[in-house]
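Peer 1: return a 3D structure for these sequence lines:
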Amino acid sequence: MFEFTLAEYLLLFIPVILVFLGLVIIVLILATRRQSGQNYPDKAELERREWTARQIRSLEADHAADMQEIYKLRDEVFFLGRLISMMADIIEEAGLLLPDDVVEHLRRQHNRAPIIIDPETTVMVQHALDRFFDYGEINQLAFKLGIDLENIPGSTREDKTRGLVKFVDRRGNMEALIKLIVEMRPNVPLPWLGGRGPP
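Peer 2: Prediction:
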């Protein structure tokens with residue numbers, strides 16, 4: 001049986017050991033390069049990230065500017081709406097008809113357009129109040145409509161009645177007044193303004 005000396009064993013295993021060490025070194029080098037690549041992106045990647053960051057900042061600035069403009073326009077629309085409502089009151093007080101576009105605006109703002117009452121109906125309502133209601137009942141009607149009769153111009157009951165009817169007509173609330181009159185005096189001959197006939 002062959003016996004090897006220590007030197008012969010070393011000569012046999014040194015190539016294997018060297019190959020193993022070489023493989024270990026290669027693996028370590030590859031791992032180091034990969035780790036370096038992950039920690040330190042290349043120039044193209046850095047440029048892409050910088051471009052993306054600039055785009056995000058630009059979009060954020062544009063969004064902030066757009067929101068400021070929206071808030072400004074919203075305030076302008078609000079005040080224009082108030083101005084239209086005030087002008088509509090003045091036009092109604094002057095006895096003029098509202099333009100169609102203003103009526104449409106009021107319909108959108110208040111979910112309905114004011115009911116246009118013909119002068120004959122207004123006269124009938126005023127006559128009914130003069131004939132069938134005393135001052136206390138007229139004051140009660142005004143209270144139910146949220147109106148202080150003391151603020152209506154006039155010194156006599158007839159003046160107060162006429163002023164109340166005109167005020168209610170200007171506010172487009174004649175339907176509610178007629179409904180209250182019919183509730184208190186069912187036999188008073190007044191037209192029904194509910195749209196589908198009396199209940």
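Peer 1: pLDDT (mean, whole number) over the host helix or strand of T122?
Peer 2: Per DSSP states H and E: T122 is located in helix 119-132. Mean pLDDT, helix 119-132: 83.
Peer 1: can I get it in CSV, CA atoms only?
Peer 2: Output of helix 119-132 as CSV, limited to C-alpha atoms (Å, rounded to 0.1, in the frame of the first residue of the first chain):
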residue,chain,number,x,y,z
PRO,A,119,-102.6,91.6,-11.4
GLU,A,120,-106.2,90.3,-11.3
THR,A,121,-105.2,87.7,-8.7
THR,A,122,-103.4,90.3,-6.6
VAL,A,123,-106.5,92.4,-6.6
MET,A,124,-108.7,89.4,-5.6
VAL,A,125,-106.3,88.6,-2.7
GLN,A,126,-106.4,92.2,-1.5
HIS,A,127,-110.2,92.3,-1.7
ALA,A,128,-110.5,89.1,0.2
LEU,A,129,-108.3,90.4,3.0
ASP,A,130,-110.3,93.7,3.1
ARG,A,131,-113.6,92.0,3.2
PHE,A,132,-113.1,88.8,5.3
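Peer 1: pLDDT averaged over the helix or strand just after it - what is it?
Peer 2: Downstream of helix 119-132, the first helix or strand assigned by DSSP H and E is helix 135-144. In this model, helix 135-144 has an average pLDDT of 90.
Peer 1: what does the helix or strand following helix 135-144 contact?
Peer 2: As assigned by DSSP H and E, the chain's next helix or strand after helix 135-144 is helix 157-170. With contacts defined as Cβ atoms under 8 Å, 6 or more residues apart in numbering, helix 157-170 is touched by 89, 92-93, 117, 122, 125-126, 129-130, 133-135, 138, 141-142, 145, 147, 149, 152-154, 174, 176-177. (C-beta placed from N, C-alpha, C; glycine too.)
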